[in-house]
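S.K.: sequence isn't available, so here's the structure alone:
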C-alpha cells in the first residue's frame, strides 16, 4: 500500500518524467514527457514529441523512467502494452504500473568505450585472444583475428581482464559481426546470456567507476 502511494505521488498526472529506452547497438535514447494518468494497474504517458513529431516507440518496448527532480537517484522500469492513437492529439503510451528498480545514477545499458584484453572460446576449442572496444550491462563489443570463423548465434565463453588484476567471466551470444579498419581483424558484438551474480557485481562496479570518471 505504501509503495503504491509513493508511485502515485511520483507519477501523478501532469508530472514531467524522463523516459529512456535502448535502441540497436545498445545506445540509450532519452526524452522528457508527461504523465497523462495513473490507474490501479497502468501508467499512461504522453508519447515524447520532438520537432512536432512523436518519437516512434513500439508496443512491448521496455522503458526506464526517472522523475526529473530525482533523475540522479531513482529509476523505474515499465513496459508499453498499447499505443493509443488519438486524432489531432499526442499518442498515449499505456504502460504497466512501474516498480522501483533501485537508486542509481547509472542508466540501464549505458555503453562505455574500453581497451581491455579478453579471451573468447567456443565449447571444446582453445581460447582466442582479442581486445574489448566497449562494454555495458547488456553486452560487449570486441575485436579478434579472422583466422577462426565465427557465426552469428554462436555461444562464447568470454573472459575480460579488468584493471587491477580482476577478471570478468560470462557466456554470451554473437549477435553481430562487422568489419574493422585493421586487416585480418573482425569485430563482434556479444550479448550477455549467462553471468553469475558475483560476476554481475564485478561488472556493475566497473561500470560505476567508469560513470564516475565522467564527472
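M.R.: Nice, thanks for sending it over. Keep in mind that what you see is a predicted model, and the values were worked out from it rather than measured.

S.K.: what about the longest helix in this structure?
M.R.: helix 197-212 (DSSP state H).

S.K.: which regions of the chain sit below the pLDDT cut-off?
M.R.: For the chain, applying pLDDT under 70 flags the ranges 1-6, 24-28, 68-74, 99-110, 212, 214-215.

S.K.: how about the residue lying closest to residue 147 once chain neighbours are set aside, what does it touch?
M.R.: Spatial nearest neighbour of residue 147, chain neighbours left out: residue 184 (7.6 Å); criterion: C-beta to C-beta, 6 or more residues apart in numbering. All C-beta atoms are positioned from the backbone trio N, CA, C, and that covers glycine. Residues in contact with residue 184 (C-beta atoms under 8 Å, 6 or more residues apart in numbering) are 145, 146, 147.

S.K.: highest neighbour count among those residues?
M.R.: Counting neighbours by other C-beta atoms under 10 Å, residue 146 comes out on top of these with 14 neighbours.

S.K.: excluding chain neighbours, what is closest to that residue?
M.R.: Using C-beta to C-beta, 6+ apart, the nearest residue to residue 146 is residue 186, at 4.7 Å.

S.K.: what bridges to that neighbour?
M.R.: For residue 186, the beta-bridge partners are residue 144, residue 179 (DSSP bridges).

S.K.: that one contacts residue 180, correct?
M.R.: Yes: with contacts counted by C-beta atoms under 8 Å, residue 186 reaches residue 180, the gap being 6.5 Å.

S.K.: between the two, point out the one with more neighbours.
M.R.: Counted by other C-beta under 10 Å, residue 186 and residue 180 do not tie: residue 186 has more neighbours, with 19 against 14.

S.K.: who's in contact with the helix or strand encompassing residue 119?
M.R.: Counting by DSSP states H and E, the element that carries residue 119 is strand 112-121. The set of residues external to strand 112-121 that reach it, using C-beta under 8 Å, 6+ apart, is 127-136, 140, 142, 144, 150, 156-163, 188, 207, 210-211.
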